[in-house]
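Q: Coordinates for the following, if possible.
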Amino acid sequence: MHLPKLDLDFVRAQFPAFSEPSLQGQAFFENAGGSYTCQPVIDRLTRFYHSRKVQPYGAYEASQLAGAEMDEARTRLAAMMGVAPDELSFGPSTTANTCVLAQAFGEWLTPGDAIIVTDQDHEANSGPWRRLAARGVDVREWTIDPVTGHLDPESLCGLVDDKVRLVCFPHCSNVVGEINPVAEICTQLRDAGIYSCVDGVSYAPHGLPDVNALGADIYLFSAYKTYGPHQGLMVIRRALGEALPNQAHYFNADTLYKRFTPAGPDHAQIAACAGMADYIDALHAHHFGQGNADPKTRAAQVHDLMRAQETALLQPLLDHLCGRNDLRLLGPQKAAGRAPTVAVAHDRAGVKLAKALAAEGIMAGGGSFYANRALEGQGIDPAHGVLRLSFVHYTTPQELDHLITALDRVL
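A: Take a look at the predicted model:
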């Protein structure tokens, strides 16, 4: 199918932030820390708090509507990712979800069993797993190249043996940006009888993935970085989810999506997550027409639409950064192999650069971004940090020009 050009006017009309007076004249380049929220999510959250803020799944109408909207979010998003509705669960954050998972694996694994983690990850998909060493689990580290930040699948082979039960790695790093070959890695692991846990927080904002096609046993990402409310979304495929010990109330053990949600769910925010599906469907209808495509196909086409826009915008930025001799660009120099999450190291601390850019109307981030191990693995002091420039499909060429001009002025 011919891929249409993304209609940025239509896209930006779906985000109230772009018409907010207090944000005018500023370009948003800290999307990796949290995206703007789309109007359908805001509408659903407002409606829930106005008319459905009751205990869901009860006998009366408001309660039934509340439960139905929560179910709608799970059903529609799961369909877009190619998984069953009960394989998708919601929690307060990806960090919290990972901690619950690590607790379950800690109960399930036996001393001497091994897991593999990386130093490319955000700490959320590293720290909870590493703490299992206190339970006698052998924790092995799959390390990045200190120059390029690349996570080489070939080097994983040397860590794998018959003791390894789980490998945890990112779809892409929140400071390196390189998109890892998830399907290839997961196939390699599955063939060896090893489970996979993929942190998709830094990838999902650039298009919802087909988790079934990727082959991941666990896939996690954050709604608040994907145009939605502050929730962590977690796919656990059925075979693994039913094998792991239940972490919820004992009477919820037979419901897969409840097994790893020990806290009471945030009803309103789960319901509002259906607005993420509304947004994807609106993008699809506007660009591809009202056809009969199934949810997974619609999401895949929107994914490609987003990636095409981002890649075209990203390459000029990478070229400009590579043309300066006072910066170190982390990750690949080619846009096709990375997300538009761009970290640069400089003699000035990342936080100081971000503050200087703020005075130029650029909203960017500085620091370690909870990726301390990834920075240390590339010889960068996390306390000094990096400047991170991150954008998504709603960013315009004019905003990119604004960024480059401001960056040159600041440097």
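Q: Check which helix or strand residue 242 maps to.
A: helix 238-243 (DSSP states H and E).
Q: Can I get that helix as PDB, trimmed to CA atoms?
A: In PDB, the C-alpha atoms belonging to helix 238-243 read as follows (Å, rounded to 0.1, in the frame of the first residue of the first chain):
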ATOM      1  CA  ARG A 238      -0.700 -16.700  28.400                       C
ATOM      2  CA  ALA A 239       1.700 -19.700  28.900                       C
ATOM      3  CA  LEU A 240       4.100 -17.600  31.000                       C
ATOM      4  CA  GLY A 241       1.400 -15.700  32.800                       C
ATOM      5  CA  GLU A 242      -0.300 -18.800  33.900                       C
ATOM      6  CA  ALA A 243       3.000 -20.500  35.000                       C
END
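Q: can you list contacts of that helix?
A: 84, 86, 87, 108, 195, 217, 218, 256, 259, 260 (Cβ atoms under 8 Å, 6 or more residues apart in numbering). Where you see a C-beta, it was placed from the backbone N, CA and C, and this is true even at glycine.
Q: Any of these buried? List them.
A: Buried members of those, counted by 16 or more other Cβ atoms under 10 Å: 84, 86, 87, 195, 217, 218, 256, 259, 260.
Q: The second one should be in a helix, yeah?
A: The one in question is residue 86. Yes. Residue 86: assigned to a helix according to DSSP: H, G, I helix; E, B strand; the rest coil.
Q: Do I have it right that it meets residue 260?
A: No. Applying Cβ atoms under 8 Å, one finds residue 86 not in contact with residue 260, separated by 11.6 Å.
Q: Please name the nearest non-neighbouring residue to residue 363.
A: Excluding the flanking residues, the one nearest residue 363 by Cβ to Cβ, 6 or more residues apart in numbering is residue 28, at 4.9 Å.
Q: what do you get for residue 390?
A: Spatially, and ignoring its direct neighbours in sequence, residue 390 is nearest to residue 32 (3.6 Å; Cβ to Cβ, 6+ apart).
Q: what residues are up against the one you found?
A: So residue 32 contacts 174, 202, 205, 225, 341, 365, 369, 388, 390 (Cβ under 8 Å, 6+ apart).
Q: Would you list the phi and psi of the nearest residue to residue 160 once chain neighbours are set aside?
A: Spatially, and ignoring its direct neighbours in sequence, residue 160 is nearest to residue 192 (6.1 Å; Cβ to Cβ, 6+ apart). The phi/psi pair for residue 192 (degrees, to the nearest 10) reads phi -90, psi 0.
Q: Contacts for whichever strand or helix holds residue 277 next, please.
A: Taking DSSP H and E as the definition, one finds residue 277 inside helix 274-288. The contact list for helix 274-288 (Cβ under 8 Å, 6+ apart) reads 1, 4, 6-7, 10-11, 14, 38-45, 69, 72-73, 76-77, 80, 208, 223, 226-228, 293, 295, 298-299, 301-302, 305.
Q: Kindly report the same for stretch 9-27.
A: With contact meaning Cβ under 8 Å, 6+ apart, stretch 9-27 is reached by 28, 36-40, 42, 227, 279, 282-283, 286, 361-363, 393-396, 399, 402-403.
Q: again, only using 7 Å
A: Stretch 9-27 is contacted from outside by 36, 38-39, 42, 279, 282, 286, 361-363, 393-394, 399, 402-403, using Cβ atoms under 7 Å, 6 or more residues apart in numbering.
Q: Among those, name the ones in helices.
A: 39, 42, 279, 282, 286, 399, 402, 403 (DSSP state H).
Q: Just among those, which is most surrounded?
A: residue 403 (24 neighbours; other Cβ atoms under 10 Å).
Q: who's in contact with that residue?
A: Listed by Cβ under 7 Å, 6+ apart, the contact partners of residue 403 are 27, 29, 362, 389.
Q: Over to residue 361?
A: Counted by Cβ under 7 Å, 6+ apart, residue 361 has contacts 25, 26, 27, 402, 406.
Q: And residue 371, its phi and psi?
A: In terms of degrees, to the nearest 10, the main-chain angles of residue 371 are phi -110, psi 40.
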